[in-house]
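Asker: Please work out how this folds:
(chains A and B)
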Amino acid sequence: MDLTLSPSEEQFRDEVRAWIEANNPGPEPEGSLDEVMAFRREWQLKLHAAGWAGISWPEQYGGRGATMIEQAIFVGEAARQEAPSPANVLGLAMGGPVVIAHGTDAQKQRYLEPILTGEEIWCQGFSEPESGSDLASLKTRAVKDGDEWVVSGQKVWTTFAQYAKWCMLVARTDPDAPKHQGLTYFLMDMEQEGVEAKPLVQITGEGEFNEVFMDEARIPEENVVGEVGAGWGVAITTLMNERAGLAFGAIAQIQNSLARLSKLANDVRVDGGSAADDTYYRQRIAQLHIEAETMRLNAYRGLTKTMQSGIPGPEGSLGKWQWADINQGLTELALEIEGAYAPLSRGSANAIDNGAWQYGFLRSRANSIEGGTTDILKNIIAERVLGLPRLR
Amino acid sequence: MYFDLTDEQQAIRSTAHDFLASRFKSERMREIAASDDGTDPDGWKQMAELGWAGLALPEEWGGQGLGIVELAVLFEEMGYALAPSPLFSNTIAGLALSLCGSDELRERYLRPLAAGELRGTPALWDAGSPAHPGGYRLEAKADGDGIVLDGEKTLVMDAAGADFFLVATADGRRHLVESGADGVTVKPEVGIDPTRRFYSVGLEGVRVDPSATLPAEASDYYAVFHRLCVALAAESTGIAQRTMEMAVSYAKDRQQFGRPIGAYQAVSHRCAQMLLETENARSAVYGAAWAADAEPRSLHLAASMAKAYAGDAGWRVPDASIQVHGGIGFTWEHDLHFFLKRGRSNAAIFGDSKWHRERVADAVLARADAPAAI
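Answerer: Numbers count the residues shown, from 1 in each chain, chains lettered A, B, ... in the order given. Below is the predicted model:
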């Protein structure tokens, strides 16, 4: 048992730390989403130039070929220093790895480089209005027409579809096959007549994600990833990648939030002292710190296990569940500490911390829904970790 | 970075697991629990033969010289088996003599303790006091060149059959008092947990020779306290693991409305919650155990986190397991209640969860006037 970094890992961390310190462009602009995306594109170019963009990708595909522990160090350090997100998060974390794992040589040649540079943004077309947690029930149809597929249907919760060039689309190609077997994974060009993205406004007032309508959209047959009918397996790889990459960034982000929460508790006056003197708040802050520490240690255990076996296990679901609980819990507590000032948000002169906690409280409502609802994660844990029977 | 047990540590785990599983089957655990003083001299002798009495004590004094990670592995298995044994109290006495004793006391008491020939237990809390860590009231009254003790200690574990007590006084010192000394009386308390008994130890004009007072001061005992918290948290983790397994197994077998109850999400999600709490407790315990062995400066915080979290999980998980079992879980006939009782008792002693969370709050809220962790 050794919870420290090796000398070479420490050296790597110092290198990452120094580079981000020197290059971090600071907080994102508070303007429109267009400005934010332009800012993130610029950041991604910088990352790419220094070889940090495809950190987990093999070197032959333009990545850095970093070990899992190095990836964890990089993601954790970037989050710790509050570096912005790259513009093409989904391309880097899911699109690239899927093309590398399942794509043809021609696909690798065509798609990987523009993912790394951020020149082409990717989005993910999985969920549908009637297929959320039960993803395999999706209805979007793809019908072969010569050497093309013709796609009609609707996707939803499609993050950054309005900026995307490519959509990782899962569509039903064989309506007669059992539901997991009739699906195919496509790369769909978003810039065509049959595709329309309409932003959805979230409870924060922002519009990160969209509805995407496809009306006889065209996909050339060379844009199938993996085999026709094998889309479910391909899609599952990308979901695994999504979860494996999140943990260490999420932990660093929670640690930053906890530090802010401690500052808030020390600043807010309660009954003649500060909230940091109040037993009720102290107990709850301590409990959040304890849970965050168990999440960090669980992630280390998970990393050790993944390095031994090569693939992330379903235990990763515990971390996602826990992250949602902690992140929601700490923003809820911040609003309690703010007391009667809790309703005042960004832009109000009397808002505490310029309404950062109000935004955090609202945004974190999605944490137990996005990337697998907590309820579904509990099913996964019950069935795949504990071996309990399925209710199907 | 490697957060898992080594092959040697795995071997300790499987030896402990197999021995405890064969030695403390349910019937035997119940016999001991139902006995007058709750002791099991043969079982204790066997544990001593396995070297457990001195597992984490220095080889110099006859111990095995292993670390707190190995101690945590052992105590996790002790909790899993719910073995009635004085191993925990004896381990505390051993750590205290090892870390805070004089060579004279180590030679006379620690060496036989490590061999299982003498057994010790701490006598810390004064009857009627709040029984918080560090809050000791018994006065060490000067008497010639030594001291004299008059008072009553309570919540003393495994006092029946113990050879000596390490008695805490208000000045933060510990004094070694043999159980047969003049003026010492031992009375059982009635507790919820029949597998680990508490006693009251009366001290009436008990004279302590200067050589029997450990040379260490109050703050020197933090090192003992943090390590025992890790061991106790490990035991609670074992309790959580075992009772979670019982719930999962029952949920697979028990049929209602034509299917196993584990197919219903009200039940399966409760089991998932049990897994979350058990795994979190385990991570907190081994993180703290590693800190004890490799990074002592972070031990006080890690130990309080582990004790608070695993302390809670150690009774909440058995409690949830009782709920999954329904009526049968509430019967004396089912073993679950023994686990609940030990877990609840563990959560209360050596700083309850609220007390440990306060220590965490001291650290993370970084107030200038924050007291050092006990």
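Asker: Please parse the chain into its domains.
Answerer: Defaulting to chain A. For chain A, automatic domain parsing gives the domain ranges A:7-117, A:122-229, A:234-385.
Asker: switch to chain B, that's the one I care about
Answerer: Per the record, chain B has its domains at B:7-114, B:120-216, B:219-364, by automatic domain parsing.
Asker: Could you give the number of residues near the closest residue to B:Glu139 other than its chain neighbours?
Answerer: In space, and not counting its chain neighbours, B:Glu139 is closest to B:Ala170: 5.7 Å by Cβ to Cβ, 6 or more residues apart in numbering or on different chains. For every residue, glycine as well, the C-beta is placed using N, CA and C. Applying other Cβ atoms under 10 Å in any protein chain shown, we find 14 residues neighbouring B:Ala170.
Asker: quick one, phi psi at B:Ala170?
Answerer: Note on B:Ala170: its backbone torsions stand at phi -60, psi -20 [degrees, to the nearest 10].
Asker: I'd like to know which of the domains of chain A lies nearest to B:Ala140.
Answerer: Across the domains of chain A, B:Ala140 has its closest neighbour in domain A:234-385 (32.5 Å, Cβ to Cβ).
Asker: How much space separates A:Met94 from B:Ala251?
Answerer: Separation of A:Met94 from B:Ala251 (Cβ to Cβ, to the nearest Å): 35 Å.
Asker: what's A:Thr373 in contact with, if anything?
Answerer: With contact set as Cβ atoms under 8 Å, 6 or more residues apart in numbering or on different chains, A:Thr373 has these partners: A:132-133.
Asker: Swap in 7 Å and give it another go.
Answerer: By Cβ atoms under 7 Å, 6 or more residues apart in numbering or on different chains, the contact set of A:Thr373 is A:Ser133.
Asker: that older thread, redo the domains of chain A as JSON lines? Include mean pLDDT.
Answerer: As requested, these are exported to JSON lines (pLDDT from 0 to 100):
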{"stretch": "domain A:7-117", "mean pLDDT": "94"}
{"stretch": "domain A:122-229", "mean pLDDT": "95"}
{"stretch": "domain A:234-385", "mean pLDDT": "91"}
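Asker: Quick check: A:Thr158 touching A:Phe213?
Answerer: No. Using Cβ atoms under 7 Å, A:Thr158 makes no contact with A:Phe213, being 10.5 Å away.
Asker: Looking at these two, which one has more neighbours?
Answerer: Comparing A:Thr158 with A:Phe213 by other Cβ under 10 Å, the one with more neighbours is A:Thr158, at 28 against 16.
Asker: Next, A:Asn210: secondary structure please.
Answerer: Under DSSP: H, G, I helix; E, B strand; the rest coil, A:Asn210 falls in the strand class.
Asker: who touches it in this structure?
Answerer: A:Asn210 touches A:158, A:161-162, A:197-200, counting by Cβ under 7 Å, 6+ apart.
Asker: Show the buried residues in these.
Answerer: When these are checked for burial by 16 or more other Cβ atoms under 10 Å in any protein chain shown, the buried set is A:158, A:161-162, A:197, A:199.
Asker: Strands along the chain, start to end?
Answerer: By default, I'm working from chain A. Assigned by DSSP state E, the strands in chain A fall at A:122-125, A:141-145, A:148-159, A:166-172, A:183-189, A:195-199, A:209-220, A:224-225, A:269-270, A:273-274.
Asker: The intended chain is chain B.
Answerer: Using DSSP E, the strands found in chain B span residues B:120-123, B:125-126, B:141-143, B:146-157, B:164-168, B:174-178, B:184-188, B:198-208, B:255-256, B:259-260.
Asker: chain center to the second one: distance?
Answerer: In terms of Cα atoms, centre = their mean, to the nearest Å, the centre of strand B:125-126 is set 17 Å apart from its chain centre.
Asker: Just to check, A:Arg40 is in contact with A:Pro86?
Answerer: Yes. Contact criterion Cβ under 7 Å: A:Arg40 and A:Pro86 qualify, at 6.1 Å.
Asker: Would you mind listing where chain B has pLDDT under the threshold?
Answerer: For chain B, applying pLDDT under 70 flags the ranges B:367-374.
Asker: Which residues are in contact with A:Thr304?
Answerer: B:2-4.
Asker: residues in contact with A:Lys144?
Answerer: Residues near A:Lys144 by Cβ under 7 Å, 6+ apart: none.
Asker: now the nearest residue to B:Glu117 once chain neighbours are set aside: how far from chain A?
Answerer: Computed as Cβ to Cβ, 6+ apart, the closest residue to B:Glu117 that is not its neighbour in sequence is B:Ala48, at 7.9 Å. From B:Ala48 across to chain A, the span is 27 Å (Cβ to the nearest Cβ, to the nearest Å).
Asker: what's the burial count for B:Ala48?
Answerer: 19.
Asker: Surely it and B:Gly116 touch.
Answerer: Yes. Using Cβ under 7 Å, B:Ala48 is in contact with B:Gly116, at 2.3 Å.
Asker: quick one: the longest helix along chain B to strand B:174-178, angle?
Answerer: Criterion DSSP state H: the longest helix present in chain B is helix B:222-253. If you take axes from the mean of the first three to the mean of the last three Cα atoms, to 10 degrees, helix B:222-253 sits at 70 degrees to strand B:174-178.
Asker: Quick one: work out the angle between helix B:222-253 and strand B:164-168.
Answerer: Using the same axes, to 10 degrees, helix B:222-253 lies at 110 degrees relative to strand B:164-168.
Asker: Which elements pack onto helix B:222-253?
Answerer: helix B:68-81, helix B:87-100, strand B:259-260, helix B:265-294, helix B:299-325, helix B:336-348 (3 or more Cβ pairs under 7 Å, 6 or more residues apart in numbering or on different chains; DSSP states H and E).
Asker: Pick the most deeply packed of the domains of chain B.
Answerer: Most buried of the domains of chain B, by mean neighbour count (mean count of other Cβ atoms under 10 Å in any protein chain shown): domain B:219-364, with a mean of 23.
Asker: how far does that one sit from the chain's center?
Answerer: For domain B:219-364, the distance to the chain centre is 13 Å (Cα atoms, centre = their mean).
Asker: go on, stretch B:2-15?
Answerer: Using Cα atoms, centre = their mean, the offset of stretch B:2-15 from its chain centre is 21 Å.
Asker: Next, the contact list for whichever residue of the stretch 101-250 of chain A sits closest to chain B, please.
Answerer: Closest contact between the stretch 101-250 of chain A and chain B, by Cβ to the nearest Cβ, is at A:Phe248 (11.6 Å). By Cβ under 7 Å, 6+ apart, the contact set of A:Phe248 is A:72, A:75-76, A:299.
Asker: and with 8 Å instead?
Answerer: A:71-73, A:75-76, A:79, A:299.
Asker: Those residues in helices, which ones?
Answerer: Reading helices off the contacts of A:Phe248 with DSSP H, I get A:71-73, A:75-76, A:79, A:299.
Asker: Let me know the angle separating the longest helix that chain A contains from strand A:166-172.
Answerer: Identified as the longest helix of chain A according to DSSP H is helix A:231-267. For helix A:231-267 against strand A:166-172, the angle by the same axes, to 10 degrees is 130 degrees.
Asker: and the angle for helix A:231-267 with strand A:141-145?
Answerer: Using the same axes, to 10 degrees: helix A:231-267 against strand A:141-145 is 140 degrees.
Asker: and the residue nearest to B:Ala361 when sequence neighbours are not counted, how many neighbours does it have?
Answerer: Leaving aside its sequence neighbours, B:Ala361 sits nearest to A:Arg282 (Cβ to Cβ, 6+ apart; 3.8 Å). Per other Cβ under 10 Å, the neighbour tally for A:Arg282 reads 21.
Asker: residues contacting the residue in the stretch 101-250 of chain B positioned nearest to chain A?
Answerer: Going by Cβ to the nearest Cβ, chain A is nearest to B:Val248 of the stretch 101-250 of chain B, at 5.0 Å. For B:Val248, the contacting residues are A:386-388, B:262, B:271, by Cβ under 8 Å, 6+ apart.
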